[in-house]
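S.K.: Sequence below, structure please.
(one chain, ligands or ions: 1)
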Amino acid sequence: MRDTHRSSWETSGFYRMDGFASPEVGDAMLRDVVALVRTAPSGVFAHEGALILPEANLADRASESGEAEQLTAKVFKLHRRPAFSSFLGRADMVDVLVDRLGSDVDCFLSQFIFKNPSAWGQPWHQDSYYFPFDPPRPVVGLWLAVTEATLANGCLRVLPGSHAEPVHQHVPDRRPNANVGYVEIVDHDMSGSEPVLMAPGDLLVFDSHLMHRSTDNLSDGIRAAMVFHFAAAGTVDRTEDVTGAPSRVNDWVPVVRGGAAVDEFGRASPSNRS
Ligand SMILES: O=C(O)CCC(=O)C(=O)O
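M.R.: Predicted coordinates:
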């Protein structure tokens, strides 16, 4: 791990790896998820093992003609699909995960975010708010830019150093037509925040206590990103104890065992087999 990454992680709670992937990697993910939502019967949210979340702020356009992805906010549970699992099996990805989480790592969450034109951003939050785990940390997020992320199309904003905060109280996003699950931190000064401008293939590695948000998409194009979350193998997911129901979006899948990439069954990935 580079010293600059280590020091950014320690002081700010994140680091960026510009040009981590070629733009074609994100394009392949986009093609796969577009094909998935286009084959889902209208109104069906669970499809081929994935979970499709409609864009609430565009609901009034549902009767207009257009492709399914234009009305989709996010698609969850993608990390068993080859376009996504192959990304997690890369040697440079394994290095990142082992550095942050040790030699046995699971991916438990994946979401493709379309962020269509006019879609609202996600308010200030800490991802650990959504993760009642034992142990609660470390949990690491990866945000891969599939398209450019700009001030106009709704890039992320992060609050450097906020990873040192406990999980704050989150209140429901009060905007009419806010997407399901959007919550907001309202008890913290966010004035030191900074935008995360990205090109396709750039990667943000961030701590699950880092306060972050994204802004609205005021442009004419999509601002797509693929987000994954990871924890050490053996972490206990207490979502059901806390909410009364198992998580609909978490799906614990081994990705690294003994410091090497494995497939979803925990077997050495083809590139690691002798
Ligand atoms: O990319 C976005 O618009 C928001 C993503 C985000 O905040 C998250 O994945 O926690």
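
S.K.: Which positions in the stretch 151-274 of the chain make contact with the ligand?
M.R.: 156, 212, 214, 225, 227 (CB under 6 Å from any ligand atom). Every C-beta, even on glycine, is put in place using the N, C-alpha and C of the backbone.

S.K.: residues contacting the residue nearest to the first one when sequence neighbours are not counted?
M.R.: Spatial nearest neighbour of Leu156, chain neighbours left out: Val196 (4.3 Å); criterion: CB to CB, 6 or more residues apart in numbering. Val196 makes contacts with 16, 143, 149, 155-158, 204, as judged by CB atoms under 8 Å, 6 or more residues apart in numbering.

S.K.: again with Pro200
M.R.: With CB under 8 Å, 6+ apart, Pro200 has these contacts: 23, 26-27, 145-148.

S.K.: if we can go back for a sec, possible to save the residues of the stretch 151-274 of the chain next to the ligand as TSV with neighbour count?
M.R.: TSV is the format used below for these (neighbours: other CB atoms under 10 Å):
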residue	neighbour count
Leu156	25
His212	24
Ser214	24
Ala225	27
Val227	19
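
S.K.: I'd like to know which of these is nearest to Cys107.
M.R.: Val227 (11.0 Å; CB to CB).

S.K.: what sits against the closest one?
M.R.: Taking CB under 8 Å, 6+ apart, we find Val227 in contact with 109-113, 141-144.

S.K.: What of Trp9?
M.R.: 15, 100, 205, 207.

S.K.: Identify those among the residues you listed that sit within helices.
M.R.: Per DSSP state H, helices hold the following members of those: Arg100.

S.K.: Tell me the one of the contacts of Trp9 nearest Val183?
M.R.: Once CB to CB is applied, the member of those that ends up nearest Val183 is Asp207, at 18.3 Å.

S.K.: circling back to that earlier point, max pairwise distance over the contacts of Pro200: which two?
M.R.: Most distant of the contacts of Pro200, by CB to CB, are Asp27 and Glu148, 12.9 Å apart.

S.K.: my guess is Tyr182 meets Gln122, correct?
M.R.: Yes. Tyr182 lies in contact with Gln122 (CB atoms under 8 Å); the separation is 5.8 Å.

S.K.: which of these two has more neighbours?
M.R.: Just comparing Tyr182 and Gln122: by other CB atoms under 10 Å the higher neighbour count belongs to Gln122, 23 against 18.

S.K.: Give me the nearest residue to the more buried one, chain neighbours excluded.
M.R.: Nearest residue to Gln122, sequence neighbours excluded (CB to CB, 6+ apart): Ser214, at 5.1 Å.

S.K.: Which strand residues bridge that neighbour?
M.R.: Leu156 (DSSP bridges).

S.K.: Hmm, Gly121 and it touching each other?
M.R.: Yes. Taking contacts as CB under 8 Å, Ser214 lies within contact range of Gly121: 4.0 Å.

S.K.: overlap in contacts of the two?
M.R.: Common contacts of Ser214 and Gly121 (CB under 8 Å, 6+ apart): Gly154.

S.K.: Check which residues of stretch 1-20 are buried.
M.R.: 5, 8-9, 12-17, 20 (16 or more other CB atoms under 10 Å).

S.K.: next one: stretch 199-211
M.R.: Those would be 200-211, for stretch 199-211 by 16+ other CB under 10 Å.

S.K.: Go through the residues of the stretch 151-274 of the chain next to the ligand and name the one nearest Ala56.
M.R.: Among these, Ser214 lies closest to Ala56 (CB to CB), at 15.0 Å.

S.K.: check contacts around that closest one.
M.R.: Contacts of Ser214 by CB under 8 Å, 6+ apart are 115, 121-122, 154-157.

S.K.: What does the pLDDT read for the closest residue to the ligand within the stretch 101-250 of the chain?
M.R.: Residue nearest to the ligand within the stretch 101-250 of the chain: Ser214 (3.1 Å; CB to the nearest ligand atom). What the model reports for Ser214 is a pLDDT of 96.
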